[in-house]
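Asker: need a structure here:
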Amino acid sequence: MSKVLVIGCGGVASVAIQKCCQVSDVFTELCLASRTKSKCDDLAAKLKGHTDTKITTARVDADDVNQLIALIQKEKPDLVMNVALPYQDLTIMDACLACGVNYMDTANYEPENTDDPQWRAIYEKRCKEAGFSAYFDYSWQWAYRKKFEDAGLMALLGCGFDPGVTQAYCAYAKKHEFDHIDTIDILDCNGGDHGYAFATNFNPEVNLREVSAPGSYWEDGHWIEIPAMSIKREYHFDQVGEKDMYLLHHEEIESLAQTIPEAKRIRFFMTFGQSYLDHMRCLEDVGMLSTTPVEFEGHQIVPIKFLKALLPDPASLGPRTKGKTNIGCIFTGTKDGKDKTWYIYNVCDHQECYHEVGSQGVSYTTGVPAMCGALMMLTGKWQKPGVYTVDELDPDPFLDALDKYGLPRSIDENPVLVP
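Answerer: Numbering: from 1, shown residues only. Prediction:
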């Protein structure tokens, strides 16, 4: 029925590809493309004989628009699924526009080089005007709206879990559970233990940038920014237990502030253990989280890239990681004139994920929604020209697909609220 070009072959991509192969009547062909073609070849060999989906592989540098265009023109896919790095969102979107192909990704754009003068000037203007200083934001991709509309193409942004599923939870709450939403708290708990003193569950560069940046939240129509990790709460998560969580800036807040403008406050919390925080603060203090090149023995190296080379590959954590994740949204508001609280969430077991697809739960909770978002686009349930975040689309078929393909929802009608 459809051919998809998948760009990227890391932990999340591996999950998304394997889940696509479970729906081979829709994903009839996949072309797996990465800078490291051997990763694609290894995964294709693993899947051979276990799926009716036809799989081919290719090498591509996703930083190079011309290489991307040549590959898309050669493969002629119905959809390009970007499960590479957010640094490459814009080059892949440019290639899709040049070739007339629909696009999707799992995280919004941020630059690899935060010292680039052209980007820096635009970034500093946005910080002053918008009121938050995170490197990642939707503005760069939202700027493509008219281009995609005029081309009759669709771009789906941030279709992982958070962002992605959390936005679908919000759209579902607005559509079915509330007449008016007052507050939204997004809670991301990883109760897994991989046994290492320090490791990140997804790309270290992206993860450590996100965690070390100032936090921010939306309240009364504007951003409030706070020092990194300065707001801490404790919460008891279903099937995980009591965990410390910290307020972070997160991309879905930016879109939800537009799609649910009546919300008085929107916050995002993520759990961290003390050992993780101690390691991260030490690394930050000695400059290892910097993206600015330094000279070492006659060579220019980027500290955070060197750190990435030293840390365990997130894709290798699957067999070691035990425990569960719990990610969801707590709402307050009104329904039929009465006050209401409501909590929708998913619990995912790391070892069950590993036994199914050879991955830990963090990659699974991003890879499954990527497949389900592609499924929505390819089957026409989500298909209209323009650039969209998940909260702008019908949540019902998407959440039904998540229930079916490995991330079922749970509901608490009387949740404990986060102070």
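Asker: export the longest helix seen in the chain to PDB, keeping only CA atoms.
Answerer: In the chain, with assignment by DSSP state H, the single longest helix is helix 361-378. In PDB, the C-alpha atoms belonging to helix 361-378 read as follows (Å, rounded to 0.1, in the frame of the first residue of the first chain):
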ATOM      1  CA  GLY A 361      11.300   1.400  27.200                       C
ATOM      2  CA  VAL A 362      12.400   5.000  26.500                       C
ATOM      3  CA  SER A 363      13.100   4.100  22.800                       C
ATOM      4  CA  TYR A 364      10.000   2.100  22.700                       C
ATOM      5  CA  THR A 365       7.700   4.900  24.000                       C
ATOM      6  CA  THR A 366       9.100   7.100  21.200                       C
ATOM      7  CA  GLY A 367       9.300   4.600  18.400                       C
ATOM      8  CA  VAL A 368       5.800   3.200  18.700                       C
ATOM      9  CA  PRO A 369       4.100   6.700  18.400                       C
ATOM     10  CA  ALA A 370       6.300   7.400  15.400                       C
ATOM     11  CA  MET A 371       4.900   4.300  13.700                       C
ATOM     12  CA  CYS A 372       1.300   5.200  14.800                       C
ATOM     13  CA  GLY A 373       1.700   8.700  13.500                       C
ATOM     14  CA  ALA A 374       2.900   7.400  10.100                       C
ATOM     15  CA  LEU A 375       0.000   5.000  10.100                       C
ATOM     16  CA  MET A 376      -2.400   7.900  10.600                       C
ATOM     17  CA  MET A 377      -0.900   9.800   7.700                       C
ATOM     18  CA  LEU A 378      -0.700   6.800   5.300                       C
END
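Asker: which helix or strand lies directly C-terminal to it?
Answerer: strand 386-389 (DSSP states H and E).
Asker: if we can go back for a sec, let me know the average pLDDT across the longest helix of the chain.
Answerer: Helix 361-378 carries an average pLDDT of 97.
Asker: what do you get for stretch 97-109?
Answerer: In this model, stretch 97-109 has an average pLDDT of 97.
Asker: what are the buried residues along that stretch?
Answerer: L97, C99, V101, N102, Y103, M104, D105, T106, A107, N108, Y109 (16 or more other CB atoms under 10 Å). C-betas here are computed from N, CA, C, even on glycine.
Asker: start and end of that stretch, how far apart?
Answerer: Terminal residues of stretch 97-109 are spaced 17 Å apart (CA to CA, to the nearest Å).
Asker: just the buried residues of stretch 97-109: which are in helices?
Answerer: Among the buried residues of stretch 97-109, the ones falling in helices (DSSP H) are L97, C99.
Asker: pick the one among the buried residues of stretch 97-109 closest to T389.
Answerer: Checking the buried residues of stretch 97-109 against T389 by CB to CB gives N108 as the nearest, at 8.6 Å.
Asker: please, where are all the strands along the stretch 201-350 of the chain?
Answerer: For the stretch 201-350 of the chain, strands defined by DSSP state E, counting those that start in this stretch occupy the ranges 215-219, 222-226, 232-237, 241-247, 265-271, 294-296, 299-301, 324-335, 338-349.
Asker: related to what we said a few turns ago, let's have the buried residues of stretch 97-109 in CSV, adding distance to V4.
Answerer: Formatted as CSV, those follow (distance: CB to CB, whole Å):
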residue, distance to V4
L97, 18
C99, 14
V101, 10
N102, 10
Y103, 11
M104, 9
D105, 13
T106, 14
A107, 18
N108, 21
Y109, 21
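Asker: from the buried residues of stretch 97-109, which land in strands?
Answerer: Members of these lying in strands (criterion: DSSP state E): N102, Y103, M104, D105.
Asker: out of these, which is nearest to Y87?
Answerer: The closest of those, once distances to Y87 are taken by CB to CB, is D105, at 11.2 Å.
Asker: residue contacts, that closest one?
Answerer: By CB atoms under 8 Å, 6 or more residues apart in numbering, the residues touching D105 are M81, N82, V83, P86, D89, I92, L156, L157, G158, C159.
Asker: can you do 6 Å?
Answerer: Going by CB atoms under 6 Å, 6 or more residues apart in numbering, D105 touches N82, D89.
Asker: likewise L248?
Answerer: With contact taken as CB under 6 Å, 6+ apart, L248 is in contact with G215, F268, M270.
Asker: got a pLDDT number for it?
Answerer: 96.
Asker: with P312 instead?
Answerer: Looking at P312, its pLDDT stands at 83.
Asker: that one against A197, yeah?
Answerer: No - if you go by CB atoms under 6 Å, P312 and A197 don't touch, sitting 10.2 Å apart.
Asker: low pLDDT regions in the stretch 101-250 of the chain?
Answerer: In the predicted model of the stretch 101-250 of the chain, residues 201-202 satisfy pLDDT under 70.
Asker: helices of that one, start to end?
Answerer: Along the stretch 101-250 of the chain, counting by DSSP state H, counting those that start in this stretch, helices occupy 117-130, 139-142, 145-151, 165-172, 204-212.
Asker: how about the CA coordinates for stretch 44-54, as PDB?
Answerer: Written as PDB, here are the backbone C-alpha positions of stretch 44-54 (Å, rounded to 0.1, in the frame of the first residue of the first chain):
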ATOM      1  CA  ALA A  44      17.300  -5.400   7.700                       C
ATOM      2  CA  ALA A  45      19.000  -8.800   8.100                       C
ATOM      3  CA  LYS A  46      17.400  -9.300  11.500                       C
ATOM      4  CA  LEU A  47      13.900  -8.700  10.100                       C
ATOM      5  CA  LYS A  48      14.400 -10.800   7.000                       C
ATOM      6  CA  GLY A  49      11.900 -13.700   7.000                       C
ATOM      7  CA  HIS A  50       9.900 -12.200   9.900                       C
ATOM      8  CA  THR A  51       7.800  -9.700   8.000                       C
ATOM      9  CA  ASP A  52       6.100  -9.300   4.600                       C
ATOM     10  CA  THR A  53       7.400  -5.700   4.400                       C
ATOM     11  CA  LYS A  54      10.000  -5.300   1.700                       C
END
